[in-house]
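>>> missing the sequence, but the structure's below:
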């Protein structure tokens, strides 16, 4: 089911507001809201790319072993 | 000594030093003098490392006089972006709240150049946090907007702003910078010099401010592609302190390479470019074809969200890299007003967004390699515009400008790209061409850039007010 971009942006903004809201004026928060909406729009673009379960990420964790 | 000498390519300058026609101390003193006089004119310098430079130059001169010549970089002055730690001096990251921080060690690249006998003369200006706060204005540095020596109202580009303008202005013969997304090619293009973004992992980032671990690269600026090859050889190699570094060192191949090179002109790469950028690119490709250096055909990449992947990876990793910075409340101390808030928007990227971006990134990297395998290089403008005015927001200056597929793909796939100047466009500002190759194909793309510089003289042009 597609995610509503506007709602997605609002949720992301609420997350930012919870953590950092005390640092900003209402006008500044509007600007942060705009940025959160841009992040949601970018995420939407990524979700449009078809990926299979076997399409792994670019970086793979490698176990570390120091000198013996 | 005539100040023109600092415009001399490193290879020729080295010969003058080796044959004792010029001393390292003379060159260094001239560079220090120009850093102190011209440097502020371009907002290019954070710290002049005078004492360290003179000490290193005297040492180099003494060694050379005793016929203990170390190689091409011995005794040659240079500057490093102020993202690299250097003992004895602050490392500001271009960022006001941390501008006095110091590290008691040298970055790996400073160590390597010291071993080669090169002389560090300055820590150069940069965009705050290397652009990791999401800047939207040339003023995003506590040293002021970097200025292109070609036009006092033109931005020198970012984030390696001072590295671009100091080489362009003949202040130092070469400089070091870093690129996460555009930070070497943009200033090189805006300043009309040569810049090399090496393959991810070619050069150790130990001692450089991490912004985006999976995207950050270190690379050189100079006047010629030949110098870039010399410099990459000195800089590259495995470093156990940086897990990303490639096991095999880079060995510069000085030969011409196998001509004609097969070039793919990326379809759509000039759609949103300035008219001057577009015209100069077309002329450059025609010159390469007519000289028998290259054949050119159009190449198309699949329509994918290249910029969305680069943006998401950048935002997610900078959120983590600068979490201590933001938690300490330093965001409020950023120079760029809008960045004081934009830096917080990074925390709106979800883990699932980041992992999806990394999965799409892998597909894109494979696709890019399949396309690039058919060519010696993919070409496009080194930047689609000439330098914007220093007093305008990018959204105003770049109004109507389109995508940056070659820049986004090149960085997310960790591919090498070299850019050299192609002439001048709007407001007398430089334009450039970039040659992007498969991973670890630096020798091939450098051969193409060298061949182009062999039939043009844009790299010999000097900005007004920079020579005696």
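Perfect, thanks for sending it. The structure displayed is predicted, hence computed values, not measured ones. Numbers count the residues shown, from 1 in each chain, chains lettered A, B, ... in the order given.
>>> residue B:296 and residue B:74, how far apart?
40 Å (Cβ to Cβ, to the nearest Å). All C-beta spots, glycine's among them, are computed from the backbone N, C-alpha and C.
>>> mind listing the strands for the stretch 151-300 of chain B?
In the stretch 151-300 of chain B, the strands defined using DSSP state E, counting those that start in this stretch lie at B:174-179, B:194-197, B:217-222, B:261-266, B:294-299.
>>> can I get those in a markdown table including mean pLDDT and mean neighbour count?
Shown next, in a markdown table, are the strands of the stretch 151-300 of chain B (pLDDT from 0 to 100; neighbours: other Cβ atoms under 10 Å in any protein chain shown):
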| stretch | mean pLDDT | mean neighbour count |
| --- | --- | --- |
| strand B:174-179 | 98 | 29 |
| strand B:194-197 | 98 | 31 |
| strand B:217-222 | 98 | 28 |
| strand B:261-266 | 97 | 20 |
| strand B:294-299 | 98 | 16 |
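>>> what about those strands, which gets the closest to residue B:457?
strand B:194-197 (13.4 Å; Cβ to Cβ).
>>> what sits up against the closest one?
B:164, B:177, B:179, B:184-185, B:187-189, B:217, B:219-225, B:227-228, B:231-232, B:382, B:410-411, B:416-421, B:442, B:446, B:449, B:453, B:459 (Cβ atoms under 8 Å, 6 or more residues apart in numbering or on different chains).
>>> my read: residue A:55 touches residue B:363, true?
Yes - the pair residue A:55 / residue B:363 is scored as a contact, 6.3 Å apart, by Cβ atoms under 8 Å.
>>> these two: who's more crowded?
Between residue A:55 and residue B:363, counted using other Cβ atoms under 10 Å in any protein chain shown, residue B:363 has the larger neighbour count: 18 against 13.
>>> remind me which helix or strand the more buried one belongs to.
According to DSSP states H and E, residue B:363 maps onto helix B:351-372.
>>> that helix packs against which elements?
helix A:26-47, helix B:306-321, helix B:405-412 (3 or more Cβ pairs under 8 Å, 6 or more residues apart in numbering or on different chains; DSSP states H and E).
>>> can you rerun that using 10 Å?
helix A:26-47, strand B:261-266, helix B:306-321, strand B:377-381, helix B:405-412 (3 or more Cβ pairs under 10 Å, 6 or more residues apart in numbering or on different chains; DSSP states H and E).
>>> coming back round to it: any residues in contact with both of residue A:55 and residue B:363?
Residues touching both residue A:55 and residue B:363 (Cβ atoms under 10 Å, 6 or more residues apart in numbering or on different chains): residue A:49.
>>> any idea how far chain A is from the residue positioned nearest the centre of chain B?
Nearest to the mean C-alpha position of chain B, counting by Cα atoms, centre = their mean, stands residue B:184 at 2.3 Å. Counting by Cβ to the nearest Cβ, to the nearest Å, the gap from residue B:184 to chain A is 21 Å.
>>> buried residues in the helix or strand where residue B:31 lies, which are they?
Using DSSP H and E, residue B:31 sits within helix B:24-41. Buried residues in helix B:24-41, counted by 16 or more other Cβ atoms under 10 Å in any protein chain shown: B:24-25, B:27-32, B:34-35, B:38-39, B:41.
>>> cool, and stretch A:44-52?
A:44, A:45, A:46, A:47, A:49.
>>> check these against chain B, which are close?
A:44, A:45, A:46, A:47, A:49 (Cβ under 10 Å from any Cβ of the partner chain).
>>> tell me the contacts of the third one?
Put plainly, it is residue A:46. B:305, B:308-309, B:311-312, B:352-357, B:359-361.
>>> nearest residue to it other than its sequence neighbours?
residue B:356 (4.9 Å; Cβ to Cβ, 6 or more residues apart in numbering or on different chains).
>>> distance of the one you found from residue A:60?
Distance, residue B:356 to residue A:60, by Cβ to Cβ: 16 Å.
>>> who has more neighbours out of these two?
Neighbours per residue (other Cβ under 10 Å) separate residue B:356 from residue A:60, with residue B:356 holding more: 21 against 8.
>>> I figured that one hits residue A:56, correct?
No - look at residue B:356 against residue A:56 with Cβ atoms under 10 Å: they stay out of range, at 11.6 Å.
>>> name the nearest residue to residue B:455, sequence neighbours excluded.
residue B:291 is the one closest to residue B:455 (Cβ to Cβ, 6+ apart), at 5.1 Å.
>>> in contact with the one you found, which residues?
B:259, B:260, B:451, B:452, B:454, B:455, B:456.
>>> and the fourth one, how many neighbours?
When you say that, I think you mean residue B:452. So residue B:452, with other Cβ under 10 Å, has 27 neighbours.
>>> likewise for the third one?
Neighbourhood size, residue B:451 [other Cβ under 10 Å]: 21.
>>> mind listing what whichever residue of the stretch 101-250 of chain B sits closest to chain A touches?
The stretch 101-250 of chain B approaches chain A most closely through residue B:214 (5.8 Å), counting by Cβ to the nearest Cβ. Residues near residue B:214 by Cβ under 10 Å, 6+ apart: A:57-59, B:180, B:200, B:244, B:313-314, B:316-317, B:358, B:361, B:411-412, B:414.
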